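[1] show me how the following folds:
(one chain, ligands or ions: 2)
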Amino acid sequence: MNVHEYQAKGVLGGYGVPVSRGVAIFSAGEAEAAARELGGPVWVVKSQIHAGGRGKGTFKGAAPDAKGGVRVVRSVEEVARNAAEMLGATLVTVQTGPAGKQVNRLYIEEGAQIAAEFYLSMLVDRATGGVAFVVSTEGGMDIEAVAHDTPEKIHTIPVDPATGLMPHHGRAIAKALGLSGDQARQAGALAEKLYAAFTGKDMSLLEINPLVLTADGQLKCLDAKISFDSNALYRHPDIVALRDESEEDAKEIEASKHDLAYIALEGTIGCMVNGAGLAMATLDIIKLYGEEPANFLDVGGGATEEKVTAAFQIITADPNVKGILVNIFGGIMKCDVIARGVIAAVKAVGLSVPLVVRLEGTNVEEGKAIIRGSGLNVIPADDLDDAAQKIVAAVKGA
Ligand code: GDP
Ligand code: MN
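    Ligands and ions are numbered 1, 2, ... in the order given. Purely as a prediction, here's the structure:
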């Protein structure tokens, strides 16, 4: 689960991580009071969307010389004017895709005087099986470009989970950033706080770009991006409360209410499968035969008829779906339950695209009989390969 920058800074601030003072606002009317509260003389007006690259982004329909999604301003009036301009507008960045994202929240921050910009991130490193810091002196810019052009400028510092963070990790980070003396001590203290926050809140990714050295010699996090491990959210109700559903895929939110493992994809073939492995194989074989899946969907091992119905409705509600492939290997899941769920869903929402159903396993004959007897226009398939070819052919023919 992702959160907004201001929420990420709130979480980090709770661990004593140095961040700027700021006020989040939801309407232009709140801008002036927020600016006065912070005092100035320099403010930064920051668009809050779940995407990076805001500074270099552009607003749809704005003048070519208009500024991006992060603006440094020098008066209360300018804060108010820029807030009014940005709120409700659609910001397009390298990460939003061409459709962009509507800005519904702003973060007004006190401006910092920047002497140097660094990059710092933390992630769960599969290679070492632990948390690692990734740091670079090349902050404030596109880190992917740095990794590509000058990989030697990126330093990875793994932390052994058995020892946790040790002073030597902080020294390694300071050295990689070229810091010494008091600033190296600050880097060590920062690493400790970030590690506590990362592990304490079950983060999967934390990115500070830029981490800056201010003109008066203080390390400060000017940007913050956090992804939390969804599997651990049950023990962090404070983090769950930060969820902004307007930033998420509506179909994925609906699926999560039914406890379905659903991920929206770009293609045209809607898939309903039981078991993550079979679901992955189904996506692969659809691609093999030249089409693209519209989603990943694992209805799980012990799905009920209601759950199957909900899953089918989510798939059919997607306007990109030009055909549906139901691929079930009944182990714990019974084929007749799937068949009844599919029929209930079709009766409820109708069916305007081709539907291929492949059933195998427990109660397969009963399941097939239910579908045959339903009078629905279902294309039956015998195995995965047959099913994939049939749905691809049906979609291409349509
Ligand atoms: P991003 O473009 O989405 O990554 O948004 P950032 O929060 O990183 O802001 C973009 C850029 O704005 C930063 O890299 C900084 O150069 C600049 N910026 C952000 N906050 C301040 C500030 O307080 N003072 C100054 N002078 N520049 C800032
Ligand atoms: Mn940034």
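[2] work out the gap between whichever strand or helix holds S227 and the centre of the chain.
    Using DSSP states H and E, S227 maps to strand 225-228. In terms of C-alpha atoms, centre = their mean, to the nearest Å, the centre of strand 225-228 is set 8 Å apart from its chain centre.
[3] now stretch 370-389
    35 Å.
[4] beyond the strand holding S227, next helix or strand please.
    helix 237-240.
[5] in that following helix, what's buried?
    Across helix 237-240, burial judged by 16 or more other C-beta atoms under 10 Å covers I239. To be clear about C-beta, it is placed using only N, CA and C from the backbone, and glycine gets the same treatment.
[6] which parts of the strand holding S227 are buried?
    Buried, per 16+ other C-beta under 10 Å, within strand 225-228: 225-228.
[7] ligand 1: which of those residues is nearest?
    K225 (7.9 Å; C-beta to the nearest ligand atom).
[8] please name the nearest non-neighbouring residue to the closest one.
    E207 (4.4 Å; C-beta to C-beta, 6 or more residues apart in numbering).
[9] list the contacts for the one you found?
    120-122, 223-226 (C-beta atoms under 8 Å, 6 or more residues apart in numbering).
[10] ligand 2 next: which of those are close?
    D223 (C-beta under 5 Å from the ion).
[11] could you pick out the buried ones from the contacts of E207?
    120-122, 223-226.
[12] which stretches of the stretch 51-200 of the chain have low pLDDT?
    For the stretch 51-200 of the chain, applying pLDDT under 70 flags no range at all.
[13] quick check: residues of it near ligand 1?
    By C-beta under 6 Å from any ligand atom, the residues of the stretch 51-200 of the chain that approach ligand 1 are 52-55, 70, 72, 111-112, 114, 140.
[14] make it 8 Å
    51-57, 68-70, 72, 93, 109-114, 117, 139-141 (C-beta under 8 Å from any ligand atom).
[15] the residues you listed, buried ones only, as a PyMOL selection?
    To isolate the buried members of those in PyMOL, using 16+ other C-beta under 10 Å:
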select buried, resi 51+52+53+54+55+57+68+69+70+72+93+109+110+111+112+117+139+140
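[16] just the ones of the residues of the stretch 51-200 of the chain next to ligand 1 in strands?
    70, 72, 109-110, 114, 117 (DSSP state E).
[17] could I get the residues you listed as JSON lines with distance to A381?
    As requested, these are exported to JSON lines (distance: C-beta to C-beta, whole Å):
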{"residue": "V70", "distance to A381": "52"}
{"residue": "V72", "distance to A381": "60"}
{"residue": "E109", "distance to A381": "57"}
{"residue": "E110", "distance to A381": "62"}
{"residue": "I114", "distance to A381": "61"}
{"residue": "E117", "distance to A381": "56"}
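[18] now the two most distant members of those.
    Using C-beta to C-beta, these span at most 17.5 Å, a distance reached by E110 and E117.
[19] for the chain, just list every one of the helices.
    5-13, 31-38, 76-86, 143-149, 167-176, 181-200, 237-240, 250-257, 276-288, 305-316, 335-349, 364-373, 384-397 (DSSP state H).
[20] can you give the contact residues for the first one?
    In other words, helix 5-13. 3, 19-20, 22, 24, 46, 48, 105, 107, 193-194, 197, 201, 206, 221, 223-226, 239, 242.
[21] now do the shortest one
    Residues from elsewhere that reach helix 237-240, judged by C-beta under 8 Å, 6+ apart: 1, 3, 11, 201, 228, 233.
[22] nearest to D216, of the residues you listed?
    Nearest member of the contacts of helix 237-240 to D216, counting by C-beta to C-beta, is V11, at 25.4 Å.
[23] for this protein, which residue gets nearest to ligand 2?
    Here the residue of the chain nearest ligand 2 is D223; by C-beta to the ion that distance is 3.5 Å.
[24] surely that residue touches I143?
    No - contact criterion C-beta atoms under 8 Å: D223 and I143 do not qualify, at 11.7 Å.
[25] any common contacting residues for the two?
    Between them, D223 and I143 share the contacting residues N209, judged by C-beta under 8 Å, 6+ apart.
[26] which phi and psi values does the residue nearest to D216 when sequence neighbours are not counted adopt?
    The shortest distance from D216 to any non-neighbouring residue, by C-beta to C-beta, 6+ apart, is to Q113 (7.6 Å). Phi and psi for Q113, reported as degrees, to the nearest 10, are phi -90, psi 120.
[27] so what's Q113 up against?
    So Q113 contacts 42, 214-216 (C-beta under 8 Å, 6+ apart).
[28] top of these by number of neighbours, please.
    T214 (16 neighbours; other C-beta atoms under 10 Å).
[29] I figured it hits A116, correct?
    No - contact criterion C-beta under 8 Å: T214 and A116 do not qualify, at 9.1 Å.
[30] returning to that earlier point: quick one: which two of the contacts of E207 are the most distant?
    M122 and D223 (14.1 Å).
[31] could you confirm whether stretch 49-59 reaches ligand 2?
    No - using C-beta under 5 Å from the ion, stretch 49-59 stays clear of ligand 2, coming no nearer than 5.9 Å.
[32] what's next to that stretch, contact-wise?
    Contacts of stretch 49-59 (C-beta under 8 Å, 6+ apart): 2-4, 46-47, 66, 68-70, 85-86, 89-96, 101-103, 142, 209, 225, 244, 247.
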